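Chemist: coords please:
(one chain, ligands or ions: 1)
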Amino acid sequence: MKKIFLLSLLLLLTGCNITVLEPKSETASEQAFLITFSFWIMMIVVVTVFILFARFVWKYRYTDSRKHDLPKDVKGNIKLEITWIIIPVLLLIILAVPTLAITYDQSPEWTKESDDTGVAIDVTGKQFNWMFRHRNGKEEMDKLVIPEGESIILNLSSEDVIHSFWVPELGGKVDVMPGKELTYEIKHPQRGTYQGKCAEYCGLGHADMTFKVEVVSKQAYAQYLHQ
Ligand SMILES: [Cu+2]
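Modeler: Numbers count the residues shown, from 1 in each chain. As a prediction, the model looks like this:
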């Protein structure tokens, strides 16, 4: 029974394609950094707690020789109390600094007049496709072609319900809302083909609301615009 459970768990995990941990843009690298950084801080806490737990369970275990021992009656311990307040506060500060810096830097903006300069593309989500409109008016459905190494400025909006723009290897997730336009930047994507998807349940066809992202050379992008 246990074997079947472990085997099915393994099967489920093989279907788990965590491409956020293989970032292919500066934006996604920053996000992946936050994930691994908080993971290792968490591991420090988990390992410390488990080692101390095991040590004390062993040290104060029940033995025949200590059958009638009663622990000393103590009231508080200033040193310990200060330690277990200071350490978590320090850890939270260490976590908060890069998290706030990166999150605020990457936050989508409400206005189109962003001071970022880059390749601007209008992205419109609707049940159940994505439309990408380039600066010269070229439009393509469910396929986003962008130049490598540039700053890609996406102007996101929705024609119907709330969707969410997500390309795990490049960046996201960003809510795509009707009646509002959000500006989101993907910094310096690397050449390749990636899978994008809607990350917000938006109706019966939600699972099919996927798109392809092709990051090509700058020359290839210029050619693509005039195809
Ligand atoms: Cu959607």
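Chemist: list the helices and strands the helix ranked longest in the chain packs on?
Modeler: Assignment by DSSP state H gives helix 26-59 as the longest helix of the chain. Helices and strands touching helix 26-59, by 3 or more C-beta pairs under 8 Å, 6 or more residues apart in numbering; DSSP states H and E, are helix 78-106, strand 171-176, strand 182-187. All C-beta spots, glycine's among them, are computed from the backbone N, C-alpha and C.
Chemist: Show me what the next helix or strand after the last one packs onto, helices and strands only.
Modeler: Yep, that's strand 182-187 we're talking about. Remark: after strand 182-187, the chain's next helix or strand is strand 192-198, criterion DSSP states H and E. Contact analysis of strand 192-198 by 3+ C-beta pairs under 8 Å, 6+ apart lists strand 163-167, strand 210-216 as its packing neighbours.
Chemist: And the contacts of strand 192-198?
Modeler: Contact with strand 192-198 is made by 19, 24, 125, 128, 130, 144, 163-170, 172, 206, 209-215, as judged by C-beta atoms under 8 Å, 6 or more residues apart in numbering.
Chemist: residues in this structure within reach of the ion, list them.
Modeler: The chain comes close to the ion at residues 163, 198, 202, 209, as judged by C-beta under 5 Å from the ion.
Chemist: who wins for neighbours among the residues you listed?
Modeler: Within those, residue 163 tops the neighbour count with 32 neighbours, counted by other C-beta atoms under 10 Å.
Chemist: I figured that one hits residue 176, correct?
Modeler: Yes: between residue 163 and residue 176 there is a contact at 4.2 Å, judged by C-beta atoms under 8 Å.
Chemist: gap between the residue nearest the centre of the chain and the ion?
Modeler: By C-alpha atoms, centre = their mean, the mean C-alpha position of the chain lies nearest to residue 31, the distance being 5.3 Å. With distances taken as C-beta to the ion, to the nearest Å, residue 31 is found 21 Å from the ion.
Chemist: go on, residue 4?
Modeler: 36 Å.
Chemist: what do you get for residue 166?
Modeler: Distance, residue 166 to the ion, using C-beta to the ion: 10 Å.
Chemist: Quick check: that residue vs residue 224, distance?
Modeler: Separation of residue 166 from residue 224 (C-beta to C-beta, to the nearest Å) stands at 23 Å.
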